[in-house]
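Peer 1: how does the following fold in three dimensions:
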Amino acid sequence: MSIHPTAIVAEGAVIPASCTVGPFCTIGANVVLGEDCELVSHVVLDGHTRLGNGNRVFSFACLGVAPQDLKYAGEPTRVEIGDRNVIRESVTISRGTVLGGGVTRVGSDCLLMAYVHIGHDSSVGDGCILANSATLAGHVVVEDFAVVGALCPVHQYCRIGRYSFIGGATTITQDVLPYSLTSVERNNHAYGLNKVGLQRRGFTAEQLRELATAMRALVSGKRNTTQALEVIHDMMAKGAGGEHVKYLAEFVAASERGVIK
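Peer 2: Reported below is the predicted structural model:
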């Protein structure tokens, strides 16, 4: 295997021969790497941290470090990261806490740009993009194929719905609707369907029409959330809503913090 002589690897770490560990990396005793991972240089992997296959981690990233939680008392909580992620410079991913379930997760095929922070007990799905300095407080859920723009702080316990797009510098204090566009330029409001993103992901014209109708019920006019859900349920009862409209309604109904409309 290719481990630079300046790297420090604790006894007990699992590093397959296909991995590359660059200069001045530090790898703790309870770290497990999958096949074909590359640590470019100055990477810190700490705690009970497991990476899947084909991950590339850039300089000064710190993964599996202790959570920024005053209640944390050194428990052996975890970080679990999937396959083929690109983790850029100075990204920090904190391990979980006992009260939060004990694990922080990142899925596969994600791009975490420079200075992204993923707080303890958060979960990031597959195919997500977190742009530079996006910051997830503890217990945040980012669902599959969501995009969080640069300089976005996300409050604890918020959910970012799948296929959503959040514009840069938008402060998130409530749940973000799946399939939506949300931006600080629109006074931190959702203002429509993430049509371009959905087209790129292969959504059909019929699926886009159904979602656009449901989204208008939620974000346009003067309906409250309950009234908007009634419109969407009526739409589905008439056979006009597919699986994605059904999921949108379920997401809204399950929200504990409320949704950004």
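Peer 1: use CA for all of it now, contacts and neighbours both
Peer 2: OK.
Peer 1: who does the lengthiest helix in the chain touch, helix- and strand-wise?
Peer 2: The residue-count maximum for a helix in the chain (DSSP state H) belongs to helix 205-219. Identification of packing neighbours for helix 205-219 by 3 or more C-alpha pairs under 8 Å, 6 or more residues apart in numbering; DSSP states H and E yields strand 189-193, helix 225-237, helix 243-254.
Peer 1: please identify the pairing partners of the shortest one and their relative orientation?
Peer 2: It refers to strand 189-193. In the sheet, strand 189-193 lines up against strand 180-183 (antiparallel) (DSSP bridges).
Peer 1: let's have the helices and strands packed on helix 205-219 in JSON lines, adding distance to Leu130, mean pLDDT and mean neighbour count.
Peer 2: Shown next, in JSON lines, are the helices and strands packed on helix 205-219 (distance: least, C-alpha to C-alpha, whole Å; pLDDT from 0 to 100; neighbours: other C-alpha atoms under 10 Å):
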{"stretch": "strand 189-193", "distance to Leu130": "18", "mean pLDDT": "90", "mean neighbour count": "22"}
{"stretch": "helix 225-237", "distance to Leu130": "28", "mean pLDDT": "94", "mean neighbour count": "17"}
{"stretch": "helix 243-254", "distance to Leu130": "21", "mean pLDDT": "97", "mean neighbour count": "17"}
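Peer 1: nearest to Val106, out of the ones you listed?
Peer 2: Across these, Val106 has its closest neighbour in helix 243-254 (20.6 Å, C-alpha to C-alpha).
Peer 1: elements contacting that closest one?
Peer 2: In terms of contacts (3+ C-alpha pairs under 8 Å, 6+ apart), helix 243-254 is packed against helix 205-219, helix 225-237.
Peer 1: and that helix, how far from the chain's centre?
Peer 2: Distance of helix 243-254 from the chain centroid (C-alpha atoms, centre = their mean, to the nearest Å) equals 19 Å.
Peer 1: list of residues touching it?
Peer 2: 161, 177-178, 207, 210-211, 214, 229, 232-233, 236, 258-259 (C-alpha atoms under 8 Å, 6 or more residues apart in numbering).
Peer 1: re earlier: what's the closest of the helices and strands packed on helix 205-219 to Val98?
Peer 2: Each of those has some distance to Val98 by C-alpha to C-alpha; the shortest is helix 243-254, at 24.2 Å.
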